[in-house]
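Chemist: Structure for the following, please:
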Amino acid sequence: MLTALEKQLSFLREIDRLKRVVRQSPLLDKSRKENSAEHSWHLAMYALILSEYAIGQIDPHRVIRMLLLHDIVEIDVGDFPIHGGSSSEEQSRLEVEAAHRLFGQLPAPQGDEYRDLWLEFEDAQTDDAKFAKALDRFQPLLINVFTEGGTWSESEVTREQVISRYGPVIRAGAPQLWEVCEQWIAAHFRAPHTQNPADVG
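Modeler: Numbering: from 1, shown residues only. Next up, the predicted model:
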């Protein structure tokens, strides 16, 4: 029977695989696509730096933990791009199964706690989860704007699709950040390759 430490070390070895899950979003220098481990780390930094813009009363450290855990399920199921048209029901089923398998490798109650945090993020009902979800939409939006379209250009995404796919989630958790996004979106779709989005907002 494995000790608690052996289970924890096994889990840490297992999640090294998240570095191999390649997302659609490029790095800001456009040299390559980011991986899901990099994405999770970057979101944790967003939470650390931008917590003052969260709706309601949040616990920034709890949000950071949530964001570090939120994409671990992609080890089993891969990344589901927002513009990919995948079935949300099927995605949810696969991710729940992955969460039970992966967090189940940790000793109780640690594994239960992290699985519950992951489920809270997915449900997006608490202020912590709403802010975490908002950042999970905000970061790729920022990347797309500052890489002259990024995945939007690749998938021929319209302004209306950007607003409908990003807006409700960001507005629900960080309305001030959505105000900045609206300015970026307007500038991008008006003149996507001539105006520096840093000049807006």
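Chemist: isn't residue 60 right up against residue 45?
Modeler: No: using Cβ atoms under 8 Å, residue 60 is not in contact with residue 45, being 11.4 Å away. Yep, even glycine has a C-beta here, placed from its N, CA and C like the rest.
Chemist: And those two? Which one has more around it.
Modeler: A count of neighbours by other Cβ atoms under 10 Å puts residue 60 above the other of residue 60 and residue 45, at 17 against 13.
Chemist: List the residues that contact the more buried one.
Modeler: By Cβ atoms under 8 Å, 6 or more residues apart in numbering, the contact set of residue 60 is 47, 48, 51, 54.
Chemist: From those residues, keep the buried residues only.
Modeler: 47, 51, 54 (16 or more other Cβ atoms under 10 Å).
Chemist: Closest one of the residues you listed to residue 114?
Modeler: Set against residue 114, the nearest of the buried ones among the contacts of residue 60 by Cβ to Cβ is residue 47 (16.5 Å).
Chemist: Low-confidence stretches in this protein?
Modeler: 83-87, 191-201 (pLDDT under 70).
Chemist: would you list every one of the strands in it?
Modeler: 22-26, 33-35 (DSSP state E).
Chemist: Please tabulate those strands in JSON lines and include distance to residue 131 and mean neighbour count as additional columns.
Modeler: Listed next are the strands of the chain as JSON lines, based on distance: least, Cβ to Cβ, whole Å; neighbours: other Cβ atoms under 10 Å:
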{"stretch": "strand 22-26", "distance to residue 131": "20", "mean neighbour count": "19"}
{"stretch": "strand 33-35", "distance to residue 131": "21", "mean neighbour count": "18"}
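Chemist: Out of these, which is closest to residue 70?
Modeler: With Cβ to Cβ as the yardstick, what comes closest out of the strands of the chain is strand 22-26 (13.0 Å).
Chemist: CA atoms only for the closest one, dumped as CSV, please.
Modeler: What follows is strand 22-26 as a C-alpha-only set of coordinates in CSV (Å, rounded to 0.1, in the frame of the first residue of the first chain):
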residue,chain,number,x,y,z
VAL,A,22,-0.5,22.0,-26.8
ARG,A,23,-3.2,24.7,-27.0
GLN,A,24,-4.3,26.7,-30.0
SER,A,25,-3.2,30.0,-28.5
PRO,A,26,0.3,31.2,-29.6
